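Q: Okay, predicted coordinates and the sequence, questions at the end:
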Amino acid sequence: MKIIGIDLSGPANHKDTVLTVFKQNQSELIFEGMMKHGSDHDVISAIFEASLEDDVVIGIDAPLSYQDGGGDRPQDKSIRQFIKSYGLSGSSIMPPTLTKMVYLTLRGISLTRRIQSMKSENSIRIVEVHPGAAIGTRIESTKIQHALLYKKELQSRKVIFEWLRTKKLVNLPDQLVDTSHEIDACAAALVAWHWIDETKQPTWCWSETSEEHPYEFCC
């Protein structure tokens, strides 16, 4: 099985879109490749190529639906409350229709429609993820400050990088610490793996789906 993690940015900001590809091998995720500066075409092409080889599970760090009328979705309220109990900032969970989020939401919804319309002999499954929450709710309490600082601080990214290795993500290249987007793409893959693997489980998961909110949301 191929596990793909995507740290998605808005449609006008390709430089901050990073996609990582892993191969599941029993109890490990083996790093196979990374794409930076991803356009929609780049993302779709990478997913299609992976689907030619095996079943694919994709964790996307972006809202994949919105609440009719605006504001929080029920899952946004739930995960915000959950991460606060770990000492994380609830402000990292923003309503999908917020001005600074709406174009990211638009891109996420558009990409999922294109992905689901792919014609592939292998299955493609999608889950919405929150990498920062995934890191902050798994990492040791003595290192929680690094979960709060890694987006800005190189030293914290180095700590998170080594922590990802302890979570059985192997063959990770050193350049993953360059920005938080590479770290988040790997954490997105970690969540997707824990979501799909019956022997594992996310730390939090909103499993209720509907026509309005078609994807599960996990961390």
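A: Looks like it arrived, so ask away.
Q: May I have the helix or strand where F31 lies as CSV, with CA atoms only?
A: Following DSSP states H and E, the helix or strand that holds F31 is strand 28-35. These are the backbone C-alpha positions of strand 28-35, laid out as CSV (Å, rounded to 0.1, in the frame of the first residue of the first chain):
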residue,chain,number,x,y,z
GLU,A,28,7.0,0.6,8.9
LEU,A,29,6.4,3.4,6.4
ILE,A,30,9.3,3.5,4.0
PHE,A,31,9.9,7.0,2.5
GLU,A,32,9.9,6.8,-1.3
GLY,A,33,9.8,10.4,-2.4
MET,A,34,8.8,14.0,-1.9
MET,A,35,7.4,16.7,-4.2
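Q: Following that strand in sequence, what is the next regular element?
A: In N-to-C order, the element after strand 28-35 by DSSP H and E is helix 40-51.
Q: What's the first helix or strand after that next one?
A: Downstream of helix 40-51 (by DSSP H and E), the next one is strand 56-61.
Q: Other residues contacting that following strand?
A: Residues from elsewhere that reach strand 56-61, judged by Cβ atoms under 8 Å, 6 or more residues apart in numbering: 1-8, 47, 50, 108, 111-112, 115, 120, 122-131, 184-185, 188-193, 195-196, 218. C-beta coordinates here come from the backbone N, C-alpha and C atoms, glycine included.
Q: still on that earlier bit, let me know the angle separating the strand holding F31 from helix 40-51.
A: For strand 28-35 and helix 40-51, the angle between their directions (axes from the mean of the first three to the mean of the last three Cα atoms, to 10 degrees) works out to 150 degrees.
Q: circling back: narrow the contacts of strand 56-61 to those in strands?
A: Under the assignment DSSP state E, the contacts of strand 56-61 contribute 2-7, 124-129, 218 to strands.
Q: Quick one: the helices in this structure, in order.
A: Listed from the start of the chain, the chain has helices (DSSP state H) covering 40-51, 74-84, 102-116, 131-136, 144-149, 154-166, 180-196.
Q: Tell me which of these sits nearest to F31.
A: Using Cβ to Cβ as the measure, helix 180-196 is the one of the helices of the chain that comes nearest F31, at 8.0 Å.
Q: quick revisit: can you add distance to L172, mean pLDDT and mean neighbour count and give the helices of the chain back as a markdown table?
A: What follows is the helices of the chain, written out as a markdown table (distance: least, Cβ to Cβ, whole Å; pLDDT from 0 to 100; neighbours: other Cβ atoms under 10 Å):
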| stretch | distance to L172 | mean pLDDT | mean neighbour count |
| --- | --- | --- | --- |
| helix 40-51 | 18 | 97 | 17 |
| helix 74-84 | 25 | 97 | 18 |
| helix 102-116 | 25 | 97 | 17 |
| helix 131-136 | 14 | 98 | 25 |
| helix 144-149 | 16 | 96 | 18 |
| helix 154-166 | 6 | 97 | 17 |
| helix 180-196 | 7 | 98 | 26 |
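Q: Using JSON lines, lay out these together with distance to Q67.
A: Conversion of the helices of the chain to JSON lines gives the following (distance: least, Cβ to Cβ, whole Å):
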{"stretch": "helix 40-51", "distance to Q67": "24"}
{"stretch": "helix 74-84", "distance to Q67": "8"}
{"stretch": "helix 102-116", "distance to Q67": "10"}
{"stretch": "helix 131-136", "distance to Q67": "19"}
{"stretch": "helix 144-149", "distance to Q67": "27"}
{"stretch": "helix 154-166", "distance to Q67": "31"}
{"stretch": "helix 180-196", "distance to Q67": "22"}
